[in-house]
Structures are given as structure tokens and as C-alpha cells.
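1. Prediction below, plus the sequence it came from.
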Amino acid sequence: EPEVTQTPSHQVTQMGQEVILRCVPISNHLYFYWYRQILGQKVEFLVSFYNNEISEKSEIFDDQFSVERPDGSNFTLKIRSTKLEDSAMYFCASSEAYRGESYNEQFFGPGTRLTVL
Amino acid sequence: RKEVEQDPGPFNVPEGATVAFNCTYSNSASQSFFWYRQDCRKEPKLLMSVYSSGNEDGRFTAQLNRASQYISLLIRDSKLSDSATYLCVVNMAGFQKLVFGTGTRLLVSP
């Protein structure tokens, strides 16, 4: 069964450093997403990406964050200057298509645990 | 008011029991509804989409009441492996983001 993969599984960084989290979405999917989950809290939407551009983003996704699809398979999330409060699990997800009235079933990768010291 | 509200639990049930979870959502423009399950420190996994007519998948039954803005999940004949957090998830018309509830924790004991 096809699945979303993410690397690394755990990233430790110093405050102020840049990090890049990587994802390989399911191959025939067209929509890609990043979510985060701070320990003990709910899953929160960050950004969605379609046709090589951001299609939707949340208030959390400020200028410190960026996303990119550098080639035909990878989808990355960059945090330019990490803060302590960026420590969380970051999940990548993908969906086949957003079909308006139809169901937007999103499939999640195993996550990258980011620890900012 | 929270966008998606769930009882955090935990629900402690013996194996073989039937357990029901409820969820309410605040935005009447919500169009798609899902139950995901999340094991400790793992990713959310899609359990089932929730259709207006209600749907069943083996031991799991989901119901939607749009008038009351209420979603439910029923698990029959609970297994030890059902122990997890069950996330109620909603998607609004015209938006791609999923909005998650905080989850309901289920513990099934022998």
C-alpha cells in the first residue's frame, strides 16, 4: 500500500538555526500538506500546496516558514530561524485531489519530531 | 466555542464491550467529516469518512447529524488493539485544511 514517508524521524537543533523537513507524498496525489502537533495538543494545519504553489495557509505559517517541491517527488518544509516553541511533531500529508464537494481524504506520514534547544 | 469538540476521556472498557464517542462541530459550512485514530506519538491514520447516510466498516459505525452538528463513532466488540486516541476531523466547504478535535482516548483492557 502506498504511503507518505518523512525524513528525518527526529531532528534536534539549536534555537535560531534553519531546519528542513522532508516528505515524499503518495505518488499520484496532487495536494500536499504540513501539519504540526505540539506534545499533548491537537493536530494543527500549517499549509497546503497544489500545482507548485501555496493554496492555503494558517496563521501559524508566518514568514519563518516556507515550502517547496524541489523535484517530482519531494515536498519540504523549511523553518528559517527556529524558536523554542517550534518544538513539535511535524506531519506531512497528501490527498489525491480536492474535489469540491467530495471527500478530501488526507493520508499522513509518520512525522518528524523537531526539538529546538 | 471550539471548532471541533470531543470528550477527552479516557474511556476504559473491557474487551468485547461496545463504546461510543461523540463529537460536535461549530461551523455549519463543514462539508466532510472523518474519524482518524492516533496511537501514542504516531501519525493520525484515517479510520473512516463519515457520510450523511451513516456508514459502517466492520465493527465501526459512524453517524452524522448535520442539523445538530454532531458526529458519532460506535465500536462494537472492542479489541485490545483498539486502544488509541480517536480524532474527530472536519473539513469546511471551500477549504483544504482539516480541523482536528483534541481526541478521545480509549483504553481496552483484558
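-> Good, I have the coordinates.
2. what does chain A have sitting close to chain B?
-> A:31, A:33, A:35, A:41-45, A:48, A:50, A:55-56, A:58, A:89, A:91, A:95, A:98, A:101-111, A:113 (CB under 8 Å from any CB of the partner chain). Any C-beta I mention is one placed from the backbone N, CA and C, and that applies to glycine too.
3. Helix, strand, or coil at residue 32?
-> All of this refers to chain A. Here A:Phe32 is recorded as strand under DSSP: H, G, I helix; E, B strand; the rest coil.
4. For burial, what's the neighbour tally of B:Val108?
-> 20 (other CB atoms under 10 Å in any protein chain shown).
5. again, but for A:Ser9
-> Neighbour tally, A:Ser9, other CB under 10 Å: 9.
6. where are the low-confidence patches of chain A?
-> By pLDDT under 70, the low-scoring segments of chain A are A:98-103.
7. mind redoing it with 80?
-> Residue ranges of chain A with pLDDT under 80: A:72, A:97-104.
8. ranges for the strands of chain B?
-> B:4-6, B:11-14, B:19-25, B:30-38, B:44-50, B:55-57, B:60-65, B:70-75, B:84-92, B:98-100, B:104-109 (DSSP state E).
9. next one: chain A
-> A:5-7, A:10-13, A:19-24, A:31-37, A:43-50, A:53-57, A:65-68, A:75-79, A:88-95, A:107-108, A:112-116.
10. Against A:Phe65, how distant is A:Ser87?
-> 15 Å (CB to CB, to the nearest Å).
11. Contact partners for the most centrally placed residue in chain A?
-> The residue lying closest to the centre of chain A (CA atoms, centre = their mean) is A:Trp34, at 2.5 Å. By CB atoms under 8 Å, 6 or more residues apart in numbering or on different chains, the residues touching A:Trp34 are A:Leu21, A:Cys23, A:Leu46, A:Val47, A:Val67, A:Leu77, A:Tyr90, A:Phe91, A:Cys92, A:Ala93.
12. what do you get if the cut-off is 6 Å, keeping everything else the same?
-> The contact partners of A:Trp34, taken as CB atoms under 6 Å, 6 or more residues apart in numbering or on different chains, are A:Leu46, A:Val47, A:Leu77, A:Cys92.
13. From what I see, B:Ser30 and B:Ala93 are in contact.
-> No - when contacts are counted by CB atoms under 6 Å, B:Ser30 is not listed as touching B:Ala93 (7.4 Å).
14. Where does the prediction get shaky in chain B?
-> Ranges of chain B meeting pLDDT under 80: B:1, B:93.
15. Near the residue lying closest to B:Phe33 once chain neighbours are set aside, how many other residues are there?
-> In space, not counting the residues next to it along the chain, B:Phe33 is nearest to B:Val50; the distance is 3.9 Å by CB to CB, 6 or more residues apart in numbering or on different chains. As a burial measure, B:Val50 scores 24 neighbours (other CB under 10 Å).
16. what's the first-to-last distance across stretch B:13-22?
-> With CA to CA, to the nearest Å as the measure, stretch B:13-22 spans 16 Å from end to end.
17. May I see the buried residues of that stretch?
-> Buried positions in stretch B:13-22, judged by neighbour count with 16 or more other CB atoms under 10 Å in any protein chain shown: B:Val13, B:Val19, B:Phe21.
18. Residues in contact with it: which ones?
-> Residues outside stretch B:13-22 that contact it (CB under 6 Å, 6+ apart): B:11, B:72-78, B:86, B:104, B:108-110.
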